[in-house]
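> sequence and predicted structure below; questions after.
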Amino acid sequence: MKKKYLVEKTSPVHASARHIFNILLRLERWNLWTQSVTGISTLNNASVEVGTKLRVLQPKLSPAIWIITKIDQDKILIWEKRSLGLKMISEHLIHSDANETKVTIRMNYEGPLAGLIYQLTRSLTNRYMTMEINGLKKESEKL
């Protein structure tokens, strides 16, 4: 069985799935609600869709190119970053039922270098994901 390297955060959010998802899709505004991102820009499309390449700037990290690999309206936004020996998958999942909406964000590490990179970056990733989930919750609940 292959070992999984994963950091995950989940939070209830008192807002509709559609509202939360629309905040996620406004990539250029992430830096306004989370300190874990200083900027995101699209490189090959004006719209956010599968195949869109993103340049993501984060404190303490080199600029990174991510590619959107899955969008399911009001439910799922997934992007991936690949480098030699490593694939990182960032998932933004929204689950809504009659009683509440929950947001889960995950960072999966895969590949021969996954264990090493996970050990080196887990603490920073955990801190940034906490900033992100808390910022998204606060931004979504502003209404």
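Received the coordinates, thanks.
> what sits against the residue nearest in space to the middle of the chain?
Centre of the chain computed as the mean C-alpha position; nearest residue by CA atoms, centre = their mean is Ser90, 4.8 Å away. Taking CB atoms under 8 Å, 6 or more residues apart in numbering, we find Ser90 in contact with 66, 78-81, 105-107. The way it works is simple: take the backbone N, C-alpha and C, and place the C-beta from them, glycine included.
> please name the nearest non-neighbouring residue to Pro59.
Closest residue to Pro59 in three dimensions, ignoring its sequence neighbours and counting by CB to CB, 6 or more residues apart in numbering: Thr38, at 6.2 Å.
> equivalent analysis for Lys53, please.
Nearest non-adjacent residue to Lys53 (CB to CB, 6+ apart): Leu43, at 4.1 Å.
> picking up where we left off before, measure the residue nearest to the centre of the chain to Ala46 for me?
Summarising the geometry, the distance separating Ser90 from Ala46, computed by CB to CB, to the nearest Å, is 21 Å.
> understood, closing this out.
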